[in-house]
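Colleague: for reference, the sequence and a predicted model appear below.
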Amino acid sequence: MAAVSIVELGPRDGLQNEAIAVDLAGRTAFVRALAGAGLRRIEAGAFVRPDRVPQMAGSDQLCAGLVGDTSLQAAGVRLSALVPNLKGLERAAAAGLREVAVFPAASETFSRQNLNQSVGEALVAAREVCTEATRQGIAVRGYVSTAFGCPYEGDVPIAAVARVCEALLAAGVHELAVSDTIGVAHPGQVRDVLATLMPVVTPGRLALHFHDTRGMALANVLVALEAGVTTFDACAGGLGGCPFAPGATGNLATEDLVYMLHGLGLAREIDLDALVGASAGIEAAVGHPLPSRCYRAARAVRRRA
Ligand code: MG
(Lines give C-alpha, C1' and ligand atoms only; values in the text may rest on other atoms or scores of the structure.)
Protein backbone atom coordinates (compact mmCIF):
# COMPACT_ATOMS: atom_id res chain seq x y z
CA MET A 1 0.00 0.00 0.00
CA ALA A 2 1.21 3.53 -0.81
CA ALA A 3 2.64 5.74 1.94
CA VAL A 4 0.02 7.57 3.95
CA SER A 5 0.38 11.20 4.91
CA ILE A 6 -1.32 12.90 7.80
CA VAL A 7 -2.16 16.59 7.80
CA GLU A 8 -2.10 17.64 11.46
CA LEU A 9 -4.71 20.30 12.17
CA GLY A 10 -4.60 20.41 15.98
CA PRO A 11 -3.01 23.86 16.18
CA ARG A 12 -5.67 25.30 13.83
CA ASP A 13 -8.93 23.31 13.48
CA GLY A 14 -8.42 21.92 16.97
CA LEU A 15 -7.54 25.04 18.94
CA GLN A 16 -9.84 27.29 16.89
CA ASN A 17 -12.81 25.37 18.26
CA GLU A 18 -11.70 25.28 21.88
CA ALA A 19 -13.38 27.53 24.47
CA ILE A 20 -10.04 28.69 25.89
CA ALA A 21 -7.63 30.63 23.65
CA VAL A 22 -4.15 29.14 24.12
CA ASP A 23 -1.33 31.71 24.20
CA LEU A 24 1.36 31.97 21.53
CA ALA A 25 4.00 30.21 23.61
CA GLY A 26 1.66 27.27 24.15
CA ARG A 27 0.71 27.11 20.46
CA THR A 28 4.36 27.29 19.39
CA ALA A 29 5.38 24.54 21.80
CA PHE A 30 2.48 22.41 20.54
CA VAL A 31 3.58 22.70 16.89
CA ARG A 32 7.18 21.89 17.82
CA ALA A 33 6.09 18.85 19.83
CA LEU A 34 3.93 17.61 16.93
CA ALA A 35 6.87 17.98 14.56
CA GLY A 36 8.99 16.13 17.12
CA ALA A 37 6.53 13.24 16.93
CA GLY A 38 7.24 12.95 13.21
CA LEU A 39 4.32 14.89 11.73
CA ARG A 40 5.47 16.63 8.56
CA ARG A 41 2.42 18.60 7.49
CA ILE A 42 1.03 20.91 10.16
CA GLU A 43 -1.63 23.60 9.81
CA ALA A 44 -0.39 26.08 12.36
CA GLY A 45 -2.84 28.98 12.32
CA ALA A 46 -5.53 30.98 10.55
CA PHE A 47 -5.36 34.46 9.07
CA VAL A 48 -8.90 35.38 9.97
CA ARG A 49 -10.30 38.30 11.98
CA PRO A 50 -9.12 38.05 15.61
CA ASP A 51 -12.36 39.67 16.83
CA ARG A 52 -14.28 36.75 15.25
CA VAL A 53 -11.80 33.96 16.10
CA PRO A 54 -9.73 35.06 19.11
CA GLN A 55 -8.21 31.56 19.38
CA MET A 56 -6.26 32.28 16.17
CA ALA A 57 -5.10 35.80 17.11
CA GLY A 58 -1.37 36.29 16.65
CA SER A 59 -1.08 33.73 13.83
CA ASP A 60 1.22 36.22 12.05
CA GLN A 61 3.78 36.14 14.84
CA LEU A 62 3.27 32.42 15.49
CA CYS A 63 3.82 31.41 11.85
CA ALA A 64 6.76 33.76 11.33
CA GLY A 65 8.47 32.24 14.36
CA LEU A 66 7.81 28.69 13.20
CA VAL A 67 8.91 29.40 9.61
CA GLY A 68 12.21 30.69 11.00
CA ASP A 69 12.72 27.65 13.26
CA THR A 70 15.79 25.87 11.87
CA SER A 71 14.94 22.54 13.50
CA LEU A 72 11.54 22.50 11.78
CA GLN A 73 13.24 23.46 8.51
CA ALA A 74 15.83 20.70 8.91
CA ALA A 75 13.08 18.15 9.54
CA GLY A 76 11.29 19.24 6.36
CA VAL A 77 8.08 20.24 8.15
CA ARG A 78 5.51 21.81 5.82
CA LEU A 79 3.59 24.53 7.64
CA SER A 80 0.35 26.01 6.39
CA ALA A 81 -2.48 28.26 7.53
CA LEU A 82 -6.08 28.98 6.66
CA VAL A 83 -6.72 32.12 4.58
CA PRO A 84 -10.26 33.31 3.73
CA ASN A 85 -9.25 35.92 1.15
CA LEU A 86 -6.42 37.95 -0.41
CA LYS A 87 -5.86 39.89 2.82
CA GLY A 88 -5.29 36.59 4.65
CA LEU A 89 -2.93 35.43 1.91
CA GLU A 90 -0.97 38.66 2.23
CA ARG A 91 -0.53 38.06 5.97
CA ALA A 92 0.45 34.41 5.42
CA ALA A 93 3.01 35.38 2.78
CA ALA A 94 4.42 38.08 5.07
CA ALA A 95 4.88 35.41 7.76
CA GLY A 96 6.89 33.38 5.23
CA LEU A 97 4.42 30.52 4.72
CA ARG A 98 4.73 28.56 1.47
CA GLU A 99 1.35 26.84 1.79
CA VAL A 100 -2.13 28.13 2.62
CA ALA A 101 -5.66 26.74 2.58
CA VAL A 102 -9.00 28.10 1.36
CA PHE A 103 -12.30 26.72 2.66
CA PRO A 104 -15.45 27.06 0.59
CA ALA A 105 -18.45 24.86 1.44
CA ALA A 106 -20.61 22.54 -0.65
CA SER A 107 -23.92 23.79 0.83
CA GLU A 108 -25.37 27.30 0.47
CA THR A 109 -26.74 27.80 3.99
CA PHE A 110 -23.51 26.75 5.70
CA SER A 111 -21.54 28.97 3.32
CA ARG A 112 -23.68 31.97 4.20
CA GLN A 113 -23.59 31.26 7.93
CA ASN A 114 -19.87 30.47 8.11
CA LEU A 115 -18.40 32.77 5.45
CA ASN A 116 -21.21 35.28 4.85
CA GLN A 117 -20.88 34.42 1.16
CA SER A 118 -22.77 32.24 -1.31
CA VAL A 119 -20.93 29.14 -2.55
CA GLY A 120 -20.30 30.97 -5.83
CA GLU A 121 -18.89 34.03 -4.06
CA ALA A 122 -16.64 31.85 -1.88
CA LEU A 123 -15.31 30.12 -5.01
CA VAL A 124 -14.52 33.51 -6.58
CA ALA A 125 -12.58 34.47 -3.44
CA ALA A 126 -10.80 31.09 -3.49
CA ARG A 127 -9.85 31.61 -7.14
CA GLU A 128 -8.42 35.05 -6.34
CA VAL A 129 -6.31 33.53 -3.57
CA CYS A 130 -5.13 30.71 -5.87
CA THR A 131 -4.16 33.09 -8.67
CA GLU A 132 -2.12 35.35 -6.41
CA ALA A 133 -0.63 32.47 -4.42
CA THR A 134 0.46 30.70 -7.61
CA ARG A 135 2.11 33.92 -8.79
CA GLN A 136 4.11 33.90 -5.52
CA GLY A 137 4.88 30.18 -5.66
CA ILE A 138 2.67 29.43 -2.65
CA ALA A 139 0.74 26.15 -2.70
CA VAL A 140 -3.00 26.19 -1.94
CA ARG A 141 -5.03 23.42 -0.35
CA GLY A 142 -8.80 23.58 -0.82
CA TYR A 143 -11.14 22.38 1.91
CA VAL A 144 -14.63 21.47 0.79
CA SER A 145 -16.73 21.93 3.94
CA THR A 146 -20.04 20.13 4.52
CA ALA A 147 -19.21 17.58 1.80
CA PHE A 148 -21.01 14.78 3.65
CA GLY A 149 -23.83 16.76 5.23
CA CYS A 150 -24.85 20.27 6.25
CA PRO A 151 -26.04 21.29 9.73
CA TYR A 152 -28.77 23.44 8.13
CA GLU A 153 -29.70 21.58 4.95
CA GLY A 154 -29.07 17.96 5.91
CA ASP A 155 -28.05 15.86 2.92
CA VAL A 156 -25.70 17.49 0.43
CA PRO A 157 -25.93 16.19 -3.15
CA ILE A 158 -22.70 14.54 -4.31
CA ALA A 159 -23.01 16.53 -7.54
CA ALA A 160 -22.72 19.76 -5.52
CA VAL A 161 -19.56 18.43 -3.84
CA ALA A 162 -18.10 17.46 -7.21
CA ARG A 163 -18.85 20.94 -8.63
CA VAL A 164 -16.96 22.65 -5.80
CA CYS A 165 -14.06 20.19 -6.17
CA GLU A 166 -13.82 20.83 -9.91
CA ALA A 167 -13.97 24.60 -9.42
CA LEU A 168 -11.14 24.44 -6.86
CA LEU A 169 -8.99 22.21 -9.07
CA ALA A 170 -9.56 24.58 -12.01
CA ALA A 171 -8.53 27.47 -9.73
CA GLY A 172 -5.22 25.71 -9.07
CA VAL A 173 -5.40 24.02 -5.66
CA HIS A 174 -2.81 21.24 -5.29
CA GLU A 175 -5.00 19.21 -2.96
CA LEU A 176 -8.67 18.91 -2.04
CA ALA A 177 -9.60 18.17 1.56
CA VAL A 178 -13.13 16.80 1.29
CA SER A 179 -14.52 17.45 4.73
CA ASP A 180 -17.17 15.96 6.96
CA THR A 181 -17.55 19.17 8.92
CA ILE A 182 -20.29 17.87 11.24
CA GLY A 183 -19.31 14.22 11.58
CA VAL A 184 -22.21 12.50 9.84
CA ALA A 185 -20.29 10.50 7.21
CA HIS A 186 -20.40 6.71 7.33
CA PRO A 187 -18.48 4.14 5.27
CA GLY A 188 -21.29 3.55 2.74
CA GLN A 189 -21.47 7.28 2.03
CA VAL A 190 -17.68 7.56 1.80
CA ARG A 191 -17.71 4.82 -0.84
CA ASP A 192 -20.41 6.67 -2.79
CA VAL A 193 -18.66 10.05 -2.61
CA LEU A 194 -15.31 8.54 -3.62
CA ALA A 195 -16.90 6.66 -6.51
CA THR A 196 -18.02 10.06 -7.85
CA LEU A 197 -14.85 11.98 -7.07
CA MET A 198 -12.11 9.49 -7.93
CA PRO A 199 -12.68 9.71 -11.70
CA VAL A 200 -12.26 13.51 -11.61
CA VAL A 201 -9.59 13.91 -8.93
CA THR A 202 -6.23 12.13 -9.02
CA PRO A 203 -6.09 10.10 -5.77
CA GLY A 204 -2.80 11.79 -4.85
CA ARG A 205 -4.59 15.14 -4.79
CA LEU A 206 -7.46 13.99 -2.61
CA ALA A 207 -7.47 14.20 1.19
CA LEU A 208 -10.29 13.34 3.56
CA HIS A 209 -11.23 15.20 6.73
CA PHE A 210 -13.40 13.36 9.22
CA HIS A 211 -14.88 14.17 12.60
CA ASP A 212 -15.56 11.39 15.07
CA THR A 213 -18.94 12.73 16.22
CA ARG A 214 -20.69 9.42 15.60
CA GLY A 215 -17.70 7.13 16.04
CA MET A 216 -17.38 6.53 12.29
CA ALA A 217 -14.11 8.36 11.53
CA LEU A 218 -11.73 5.36 11.53
CA ALA A 219 -14.17 3.17 9.62
CA ASN A 220 -14.40 5.96 7.05
CA VAL A 221 -10.60 6.17 6.81
CA LEU A 222 -10.32 2.43 6.28
CA VAL A 223 -12.84 2.47 3.44
CA ALA A 224 -11.05 5.44 1.86
CA LEU A 225 -7.65 3.73 2.20
CA GLU A 226 -9.04 0.71 0.40
CA ALA A 227 -10.28 3.03 -2.35
CA GLY A 228 -6.76 4.48 -2.79
CA VAL A 229 -6.88 7.70 -0.76
CA THR A 230 -3.60 8.26 1.12
CA THR A 231 -3.94 11.66 2.83
CA PHE A 232 -5.98 12.19 5.98
CA ASP A 233 -6.56 15.14 8.29
CA ALA A 234 -6.45 14.68 12.04
CA CYS A 235 -6.13 16.65 15.27
CA ALA A 236 -3.88 15.52 18.11
CA GLY A 237 -5.91 14.29 21.06
CA GLY A 238 -9.16 14.75 19.09
CA LEU A 239 -9.00 18.47 19.83
CA GLY A 240 -11.80 20.71 18.73
CA GLY A 241 -14.66 19.36 20.76
CA CYS A 242 -16.22 21.87 23.10
CA PRO A 243 -18.04 20.32 26.07
CA PHE A 244 -20.13 23.50 26.46
CA ALA A 245 -21.42 23.67 22.89
CA PRO A 246 -24.07 21.06 22.10
CA GLY A 247 -23.23 19.17 18.91
CA ALA A 248 -19.68 20.48 18.66
CA THR A 249 -17.35 17.52 18.62
CA GLY A 250 -13.75 16.90 17.82
CA ASN A 251 -11.88 15.94 14.70
CA LEU A 252 -10.57 12.45 14.12
CA ALA A 253 -7.78 12.12 16.71
CA THR A 254 -4.29 11.76 15.32
CA GLU A 255 -3.46 9.13 17.96
CA ASP A 256 -6.44 6.99 16.96
CA LEU A 257 -5.52 7.32 13.28
CA VAL A 258 -1.84 6.55 13.88
CA TYR A 259 -2.64 3.54 16.07
CA MET A 260 -4.75 2.05 13.29
CA LEU A 261 -2.20 2.92 10.58
CA HIS A 262 0.64 1.37 12.61
CA GLY A 263 -1.40 -1.80 12.83
CA LEU A 264 -1.64 -1.76 9.03
CA GLY A 265 2.12 -1.24 8.72
CA LEU A 266 1.67 2.42 7.70
CA ALA A 267 2.84 5.80 9.02
CA ARG A 268 5.73 4.16 10.87
CA GLU A 269 7.57 7.49 10.91
CA ILE A 270 5.13 8.82 13.51
CA ASP A 271 6.17 8.22 17.13
CA LEU A 272 2.91 7.53 19.00
CA ASP A 273 4.45 8.08 22.46
CA ALA A 274 5.81 11.46 21.39
CA LEU A 275 2.42 12.34 19.94
CA VAL A 276 0.74 11.49 23.25
CA GLY A 277 3.28 13.75 24.92
CA ALA A 278 2.37 16.62 22.55
CA SER A 279 -1.32 16.14 23.35
CA ALA A 280 -0.66 16.02 27.10
CA GLY A 281 0.94 19.45 26.86
CA ILE A 282 -2.02 20.98 25.05
CA GLU A 283 -4.58 19.16 27.24
CA ALA A 284 -3.29 21.12 30.20
CA ALA A 285 -3.69 24.35 28.22
CA VAL A 286 -7.25 23.78 26.95
CA GLY A 287 -8.52 22.80 30.38
CA HIS A 288 -10.53 19.65 29.66
CA PRO A 289 -9.76 15.99 29.01
CA LEU A 290 -9.01 15.24 25.37
CA PRO A 291 -11.38 12.70 23.81
CA SER A 292 -8.96 10.52 21.78
CA ARG A 293 -9.37 6.96 23.00
CA CYS A 294 -5.82 5.94 22.10
CA TYR A 295 -4.51 9.03 23.87
CA ARG A 296 -6.51 8.25 27.01
CA ALA A 297 -5.48 4.60 26.96
CA ALA A 298 -1.80 5.57 26.60
CA ARG A 299 -2.08 8.04 29.51
CA ALA A 300 -3.79 5.42 31.69
CA VAL A 301 -1.02 2.90 30.98
CA ARG A 302 1.59 5.52 31.82
CA ARG A 303 -0.11 6.26 35.16
CA ARG A 304 -0.20 2.55 36.04
CA ALA A 305 3.43 2.01 35.12
MG1 MG B 1 -12.57 19.81 11.35
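Modeller: Cool, got the structure.
Colleague: I'd like the next helix or strand past the longest helix belonging to the chain.
Modeller: If you go by DSSP state H, the chain has its longest helix at helix 119-135. For helix 119-135, the following helix or strand on the C-terminal side (DSSP states H and E) is strand 139-144.
Colleague: can you give me the strands for the stretch 101-250 of the chain?
Modeller: 139-144, 175-179, 206-209, 231-234 (DSSP state E, counting those that start in this stretch).
Colleague: turn those strands into TSV, including mean neighbour count, distance to the ion and mean pLDDT.
Modeller: For the C-beta atoms, the positions are set from N, CA and C on the backbone; glycine is no exception. Below are the strands of the stretch 101-250 of the chain laid out as TSV (neighbours: other CB atoms under 10 Å; distance: least, CB to the ion, whole Å; pLDDT from 0 to 100):
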stretch	mean neighbour count	distance to the ion	mean pLDDT
strand 139-144	24	9	98
strand 175-179	25	6	97
strand 206-209	25	6	97
strand 231-234	25	7	98
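Colleague: which residues touch the helix or strand containing Arg299?
Modeller: Secondary-structure assignment from DSSP H and E places Arg299 in helix 293-304. Here helix 293-304 makes contact (CB atoms under 8 Å, 6 or more residues apart in numbering) with 236-238, 253, 255-256, 258-259, 272-273, 276, 279-280, 289-290.
Colleague: what residues of the helix or strand containing Thr28 count as buried?
Modeller: Taking DSSP H and E as the criterion, Thr28 maps to helix 24-36. Residues of helix 24-36 classed as buried: Gly26, Arg27, Thr28, Ala29, Phe30, Val31, Arg32, Ala33, Leu34, Ala35, Gly36 (neighbour count, 16 or more other CB atoms under 10 Å).
Colleague: pLDDT score assigned to the fourth one?
Modeller: In this prediction, Ala29 carries a pLDDT score of 98.
Colleague: ok, it - contacts?
Modeller: Applying CB under 8 Å, 6+ apart, we find Ala29 in contact with Gly281.
Colleague: shaky segments in the stretch 101-250 of the chain?
Modeller: The stretch 101-250 of the chain contains residues with pLDDT under 70 at 241-248.
Colleague: how about the residues of the stretch 1-150 of the chain near the ion?
Modeller: Residues of the stretch 1-150 of the chain lying near the ion by CB under 5 Å from the ion: Asp13.
Colleague: may I see the buried residues of stretch 277-290?
Modeller: Neighbour counts over stretch 277-290 (16+ other CB under 10 Å) mark Ala278, Ser279, Ala280, Gly281, Ile282, Glu283, Ala285, Val286, Leu290 as buried.
Colleague: where's that stretch relative to the chain centroid, distance-wise?
Modeller: Centroid separation between stretch 277-290 and its chain, computed with CA atoms, centre = their mean, to the nearest Å, is 18 Å.
Colleague: equivalent analysis for stretch 124-138, please.
Modeller: 20 Å.
Colleague: what's it in contact with?
Modeller: Counting by CB under 8 Å, 6+ apart, 83-86, 88-89, 92-93, 97-100, 102, 104, 117, 139-140, 142, 167-168, 171-173 sit against stretch 124-138.
Colleague: switch the cut-off to 10 Å
Modeller: 80, 83-90, 92-93, 97-104, 115, 117-118, 139-140, 142-143, 164, 167-174 (CB atoms under 10 Å, 6 or more residues apart in numbering).
Colleague: if we can go back for a sec, in the helix holding Arg299, what counts as buried?
Modeller: For helix 293-304, using 16+ other CB under 10 Å, the buried residues are Cys294, Tyr295, Arg296, Ala298, Arg299.
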